[in-house]
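Trainee: the sequence isn't on hand, but the structure is:
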């Protein structure tokens with residue numbers, strides 16, 4: 001199946017749940033606060049008591065980790081699938097607490 005077909009079948013949502021569960025806790029917190037809750041880097045840094053540079057570094061690690069997991073799960077690493085990935089995370093979460 002194509003990446004688009006897998007997204008439509010809900011395979012992407014399953015891949016997201018597994019991938020988020022496998023993230024190291026510190027990375028997951030940074031990702032959820034920034035990508036799901038929509039907080040800026042400064043706000044995430046303030047909440048977590050860390051430097052903005054450390055938060056930025058964590059986000060870069062998370063992005064690469066998530067990109068690689070998508071590829072490993074059979075999803076093409078194209079922009080459309082990546083956008084679907086992040087939209088699915090935001091839509092599928094009633095609260096970031098479920099990922100923290």
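Mentor: Sure, I can see it. Quantities reported herein were computed from a predicted structural model and do not represent experimental measurements. Residues are numbered from 1 along each chain as shown.
Trainee: just the helices in this protein please.
Mentor: Here the chain has its helices, by DSSP state H, at 3-9, 11-22, 25-31, 41-48, 52-72, 79-92.
Trainee: quick check, pLDDT for the nearest residue to residue 52 once chain neighbours are set aside.
Mentor: In space, and not counting its chain neighbours, residue 52 is closest to residue 45: 4.6 Å by Cβ to Cβ, 6 or more residues apart in numbering. Any C-beta I mention is one placed from the backbone N, CA and C, and that applies to glycine too. pLDDT, residue 45: 97.
Trainee: how about the contacts made by residue 45?
Mentor: 51, 52, 54, 55 (Cβ atoms under 8 Å, 6 or more residues apart in numbering).
Trainee: show me the shaky parts of this protein.
Mentor: For the chain, the stretches with pLDDT under 70 are 1-12, 75-100.
Trainee: before we move on, back to that, most neighbours of all the contacts of residue 45, which one?
Mentor: When neighbours are counted by other Cβ atoms under 10 Å, residue 55 leads these with 24 neighbours.
Trainee: how much space between the closest residue to residue 51 other than its chain neighbours and residue 68?
Mentor: Distance criterion Cβ to Cβ, 6+ apart; nearest residue to residue 51, sequence neighbours excluded, is residue 45 at 6.1 Å. Separation of residue 45 from residue 68 (Cβ to Cβ, to the nearest Å) stands at 25 Å.
Trainee: now for the closest residue to residue 61 other than its chain neighbours: which residues touch it?
Mentor: The shortest distance from residue 61 to any residue other than its chain neighbours is 6.2 Å, reached at residue 27 (Cβ to Cβ, 6+ apart). Going by Cβ under 8 Å, 6+ apart, residue 27 touches 58, 61, 62, 65.
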